[in-house]
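Student: Mind folding the following:
(one chain, ligands or ions: 1)
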Amino acid sequence: MMPSEFHQSVSEPARLLVEKGTLLYAQHQAPLDESEWRALEHLLEQVDYDHVIAGDSSESHSVHVARFVNDVKRPESLHALTDEVKRIVMSEKMLRFYSHFTGADVLCLRRCQANLLLPGDYIGLHKDQDSNPDYIATVVFHFDDVYEGGDFVTHHPELGSKHYHPAGRSVLVNNCEIPHEVTPLVQGKRRTLACFLSTEFGDSPSPRKAFKLSN
Ligand SMILES: [Fe+2]
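Tutor: Now for the predicted structure:
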């Protein structure tokens, strides 16, 4: 559940994230500059990806994943390049950006991973809080313009379903209570960097299953 103070925030984006469940920022609305987008894109090109066919809360997937941070127990770095990623996505200006929709000035990056979808790949219906109920917002950085399919679809309990087809260098923020999926990619490639934010810095409340790999 969202902490109760979240609902009392006067920030308009924070209120919107609670009410709408999902926010989409175009490139000019998010604080990353051109060199930071390029640096993140370059980092995504340097890492090895595992083909994941099941998530950690029993949903089905077909997605290529490179993990920088995970919190099976306490959040830990899983890659030599994690600090370079964090330097960009957890910078002071990004923390200020996140505070607008989380209502929190201090945030822990509990999980951070690059997701690559190739034609036929998809992410099955799930809720990020099924992995960890402490997650409050997932920030997804998008890198590609040319792809068909691969829609981010939210299933809000009150507002119903909504399709998003984020452009390259846009930032989608999802309230971690909201179920969502990514429809099968038809054409092109779809690269994202997903950052799971929380106000909790300690151990995860319950241990999770490992990701299931195809090999
Ligand atoms: Fe998710």
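Student: helices and strands of this protein: which one bottoms out on pLDDT?
Tutor: Here the helix or strand of the chain ranked lowest by mean pLDDT, DSSP states H and E is helix 4-8, holding a mean of 47.
Student: Now the next helix or strand after it: average pLDDT?
Tutor: Remark: after helix 4-8, the chain's next helix or strand is helix 12-20, criterion DSSP states H and E. On average, the pLDDT along helix 12-20 is 84.
Student: Begin at 368, not 1, for the rest of this chat.
Tutor: Done: numbering now begins at 368, and the last item shifts to helix 379-387.
Student: Identify the bridge partners of the residue most central in space within the chain.
Tutor: Nearest to the mean C-alpha position of the chain, by CA atoms, centre = their mean, lies Ala561 at 3.0 Å. On the basis of DSSP bridges, Ala561 is bridged to Gln480, Val507.
Student: Next, the contact list for the spatially closest residue to Gln394 that is not a sequence neighbour, please.
Tutor: Leaving aside its chain neighbours, Gln394 sits nearest to Arg536 (4.1 Å; criterion: CB to CB, 6 or more residues apart in numbering). For glycine as for every other residue, the C-beta is placed from the backbone atoms N, C-alpha and C. Shown in contact with Arg536 (CB atoms under 8 Å, 6 or more residues apart in numbering): 394, 399, 404, 509-510.
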